[in-house]
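Colleague: I'll drop the sequence and a predicted model, then ask my questions.
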Amino acid sequence: ALGDYLIAQLDREGIRLVGPRERQHRAPHIYVIALPADHWLDYLTQSGIRVSPERDGIRVSLGLFNTPADIDRLIEAIRARNVRSTPARAAVLSNLG
């Protein structure tokens, strides 16, 4: 259910998920968000959000102790950076959807 929540929040922000979206076709705890790692990894790490770079984006690994509040923090960090972004960075984000 937490993965479904993550996908729903990404959809609301217009951010693509890399890989399968349907439960029966995806890993239950690993998701790759289509945000370029070279633009997002340091920012998310500095925001206290632990993610990993992946060739197609940012890897989010959900664990036993993650909650919807953790997903909300991730989405808020993405929103905050998008609001503060320069036009070039905003264009990178909007082109991912």
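Modeller: Received it, and whenever you're ready, just let me know what you need. All values derive from a computational prediction rather than experimental measurement.
Colleague: name the residues that touch the stretch of helix or strand D70 belongs to?
Modeller: Using DSSP states H and E, D70 sits in helix 68-84. Defining contact as Cβ atoms under 8 Å, 6 or more residues apart in numbering, one finds that helix 68-84 is touched by 2, 5-6, 9-10, 12-13, 15, 35, 40, 43-44, 47-49, 60, 62, 89-90, 93. For the C-beta atoms, the positions are set from N, CA and C on the backbone; glycine is no exception.
Colleague: contacts only, for P20.
Modeller: P20 makes contact with R26, according to Cβ under 8 Å, 6+ apart.
Colleague: now do the SS call for it.
Modeller: Secondary structure assignment for P20 (DSSP: H, G, I helix; E, B strand; the rest coil): coil.
Colleague: follow-up on the earlier one: now, of the contacts of helix 68-84, which are buried?
Modeller: Buried subset of the contacts of helix 68-84 (neighbour count, 16 or more other Cβ atoms under 10 Å): 2, 5-6, 9-10, 15, 35, 40, 44, 47, 49, 60, 62, 93.
Colleague: which residues of this structure fall in strands?
Modeller: Counting by DSSP state E, the chain has strands at residues 17-18, 30-33, 52-54, 57-61.
Colleague: the first one: partners in the sheet, and parallel or antiparallel?
Modeller: Using DSSP bridges, the strands paired with strand 17-18 are strand 30-33 (antiparallel).
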